[in-house]
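Participant: The following block contains a protein sequence and its predicted model.
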Amino acid sequence: MSSIAELAIPPEEFILAHTLAAVPDATVEIERVAAATENRVTPYFWVHSDDLDAFDAALREDDTARNPEQLESDGSDRLYRVDWHAEDHGIVEVLAQSEATVLKAVANDTWQVRILFPDEDSLSTFHDGCRTAGLSFTVERLYHPDDLGDTHEHGVTEEQRTALVAAYRAGYFAVPRNATLAEVADDLDISSNALSSRLRRGNANLIERVLVDDPRST
């Protein structure tokens, strides 16, 4: 049976440690990870920051992210693609060996990573590989996909749902707005960058699942 693990991983054990330290206000969300070769994967990620030029400069000095390429830019958000090599960080090799899939990864100062393991052997391989490589992380949650219930209804995570509901109730989506992004973020005790990311991805998930996937949309 497949399992999903939600882990808290220090940036130095995962990716972009230098970049996140240089631009602490940045919020990074890995959208997908494509396998290029056995020892190299290609993450695609969105970054939200008030200083994208500083982020770009730091990214190009980051040893864990080779060949950075900017794909899209929208105000304070950019989409990047980079190469991530096993020799840079052992966790790439461990992920490949365990045949695990990174479903989601978001970072401010610590990476919050959701990983899908196809079976118990895969999970054990990952655990043993991390121990052998001396990698450190905190397991925040371990469950089977069938245990999700309505937590991810319409593809929206619990964090995204909380953000969307709080913003709606505060009048953030009203015209004219009755609350600012900063005010809603303060109510949730998170940064404006984190709230912006949750609202953007939550809205995208709702549109994809409710409108795009709706048979009537054709």
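Facilitator: Done, it's in. Numbers count the residues shown, from 1 in each chain.

Participant: Now do the strands in this structure.
Facilitator: For the chain, the strands defined by DSSP state E cover 3-9, 27-37, 40-48, 66-74, 77-85, 101-107, 111-117, 138-143.

Participant: packing partners for the fifth one?
Facilitator: Here strand 77-85 is seen to pack against strand 40-48, helix 52-59, strand 66-74 when contacts are counted using 3 or more CB pairs under 8 Å, 6 or more residues apart in numbering; DSSP states H and E. Where C-beta positions appear, they are placed from N, C-alpha and C, glycine not excepted.

Participant: got any ranges where this protein has weak pLDDT?
Facilitator: Low-confidence segments of the chain, defined by pLDDT under 70: 34-40, 85-90, 146-155, 208-218.

Participant: what's the domain layout of it?
Facilitator: Domains of the chain are assigned by automatic domain parsing as 3-147, 153-217.

Participant: is it possible to export those to CSV including mean neighbour count?
Facilitator: Below are those laid out as CSV (neighbours: other CB atoms under 10 Å):
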stretch, mean neighbour count
domain 3-147, 17
domain 153-217, 16
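
Participant: Would you tell me which of the strands of the chain gets closest to Gly171?
Facilitator: strand 40-48 (22.4 Å; CB to CB).

Participant: what angle separates that closest one from strand 77-85?
Facilitator: Strand 40-48 runs at 160 degrees relative to strand 77-85, counting by axes from the mean of the first three to the mean of the last three CA atoms, to 10 degrees.

Participant: Could I get the CA-only coordinates of strand 40-48 as CSV?
Facilitator: Provided in CSV are the C-alpha atoms of strand 40-48 (Å, rounded to 0.1, in the frame of the first residue of the first chain):
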residue,chain,number,x,y,z
ARG,A,40,19.9,14.2,-11.9
VAL,A,41,16.4,15.6,-11.5
THR,A,42,14.9,18.9,-12.7
PRO,A,43,12.7,20.8,-10.2
TYR,A,44,10.3,23.4,-11.5
PHE,A,45,9.5,26.0,-8.8
TRP,A,46,7.7,29.2,-8.2
VAL,A,47,9.3,31.9,-6.0
HIS,A,48,7.5,34.8,-4.4
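
Participant: picking that back up, with distance to Thr27 as added columns, please give the helices and strands packed on strand 77-85 in JSON lines.
Facilitator: Listed next are those as JSON lines, based on distance: least, CB to CB, whole Å:
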{"stretch": "strand 40-48", "distance to Thr27": "5"}
{"stretch": "helix 52-59", "distance to Thr27": "10"}
{"stretch": "strand 66-74", "distance to Thr27": "14"}
